[in-house]
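Asker: pasting the structure only:
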């Protein structure tokens, strides 16, 4: 406590499309820039991970299964927050709120009935941790006509923008997305999902070798790019679709990959498929930046893909005139940027500030994101002030 007020500590919880772990961070927002106090990577139970990965489309999940997964994810997210608190040694009363992204089960932002669904019951998080929880952050933007994603560009603008250099921030998670940060403050920020990031690479190595991921991109680097397959991948209409746009694992799925490979009617060396998928990721990112942020001179990478040497080398090869490094050079390690962003978004929600960027998502207006689920600590604090 400071001067009778809760200090500006927030927790961010992020569970991405790669389903490798729940990222949790403790952040101090008291200063001009967020200060990362502690971080924790919380493992997925194997059975939960397997079930989530098996759901490629909404019709594959019953209502009962969705409800059960919502509860299981809520408990897992609460565990991740409590493990972070124990690891950090922080006093729980000093933590103002938790911002939880949840686990995206399906994301369909286009069509006559657009929707997005992130599971991980925030009631359970607030109850198990006693900390106020802000969650369901995407649907309010969608209610205002937006894509509901990506939501991190406003955070990128607040923390990573330069007044002298045109930058892009690239999040290389299961899906890749970019934020365009022009040096000119009068120019709007932009951002969108470029297409697959690590997701298809993880899918293919799991199918081929039984491994969870291609560490450092070593297996993919042993193959060669199959130009025919690459050209077939690149003909997917998503890549030429103009922003605002967003996508997910239910689109760039196991089925998507299998359909493309089967069209060849021949067996392709597995390592060549992996190499070609890596080239697809880096080429579509480079093309998106060329089409929509041509003046970019600096690219800062975050997310799990920043550890994949094949992807990083591919970006350098496809963008030879651009400085490419990670967000660690801007003060936040690459693994924790998204989790910090959702802590930041929770803070904005509690302060009554908008969390979306209409120029990014296509929403009709700025809106305050998410629902607020008061924790016992927050209720006790308010009651003591009222009494």
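Answerer: Thanks, I have it. All values derive from a computational prediction rather than experimental measurement.
Asker: Wasn't residue 193 part of a strand?
Answerer: Yes: counting by DSSP: H, G, I helix; E, B strand; the rest coil, residue 193 is part of a strand.
Asker: Tell me which residues touch residue 9, please.
Answerer: Contacts for residue 9 (Cβ atoms under 8 Å, 6 or more residues apart in numbering) come out as 26-29, 37, 90, 94-96. (Each C-beta comes from the backbone N, C-alpha and C, glycine too.)
Asker: how about the host helix or strand of residue 47: buried residues?
Answerer: Using DSSP states H and E, residue 47 sits in helix 46-54. Neighbour counts over helix 46-54 (16 or more other Cβ atoms under 10 Å) mark 48, 52-53 as buried.
Asker: Show me what that helix is packed against.
Answerer: Here helix 46-54 touches helix 63-88, going by 3 or more Cβ pairs under 8 Å, 6 or more residues apart in numbering; DSSP states H and E.
Asker: Tell me which other helices or strands the helix or strand where residue 125 lies touches.
Answerer: Using DSSP H and E, residue 125 maps to helix 122-129. Packed against helix 122-129, as judged by 3+ Cβ pairs under 8 Å, 6+ apart, are the following elements: helix 63-88, strand 95-108, strand 133-135, strand 371-373.
Asker: out of everything not next to it in sequence, what's closest to residue 155?
Answerer: residue 341 (4.0 Å; Cβ to Cβ, 6 or more residues apart in numbering).
Asker: same deal with residue 16?
Answerer: residue 173 (4.5 Å).
Asker: Neighbours of that neighbour, how many?
Answerer: 20 (other Cβ atoms under 10 Å).
Asker: quick one on the thing from earlier: give me the contacts around the helix holding residue 125.
Answerer: 13, 71, 74-75, 77-79, 81-82, 85, 92, 98, 100, 102, 131-136, 371, 373-376.
Asker: go on, stretch 40-47?
Answerer: With Cβ under 8 Å, 6+ apart as the criterion, stretch 40-47 contacts 19-25, 72, 76, 79-80, 83-84, 87, 335.
Asker: Just the buried residues of it, please?
Answerer: Those would be 40, 42, 44, for stretch 40-47 by 16+ other Cβ under 10 Å.
Asker: Any chance of a markdown table for these, columns secondary structure, pLDDT and distance to residue 300?
Answerer: What follows is these, written out as a markdown table (DSSP: H, G, I helix; E, B strand; the rest coil; pLDDT from 0 to 100; distance: Cβ to Cβ, whole Å):
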| residue | secondary structure | pLDDT | distance to residue 300 |
| --- | --- | --- | --- |
| 40 | strand | 98 | 23 |
| 42 | strand | 97 | 26 |
| 44 | coil | 93 | 28 |
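Asker: Save the residues you listed as TSV, and put in distance to residue 194 too.
Answerer: Output for the buried residues of stretch 40-47, formatted as TSV (distance: Cβ to Cβ, whole Å):
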residue	distance to residue 194
40	29
42	28
44	26
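Asker: Return the member of the residues you listed nearest to residue 214.
Answerer: residue 44 (18.6 Å; Cβ to Cβ).
Asker: Nearest to residue 323, out of the buried residues of stretch 40-47: which one, please.
Answerer: Distances from residue 323 to the buried residues of stretch 40-47, taken by Cβ to Cβ, are shortest for residue 40, at 31.0 Å.
Asker: any idea how far residue 9 is from the closest residue to the closest one other than its chain neighbours?
Answerer: Nearest non-adjacent residue to residue 40, counting by Cβ to Cβ, 6+ apart: residue 84, 4.2 Å away. Distance, residue 84 to residue 9, by Cβ to Cβ, to the nearest Å: 11 Å.
Asker: Does the residue nearest to residue 16 touch residue 198 like I think?
Answerer: Yes: the pair residue 173 / residue 198 is scored as a contact, 6.4 Å apart, by Cβ atoms under 8 Å.
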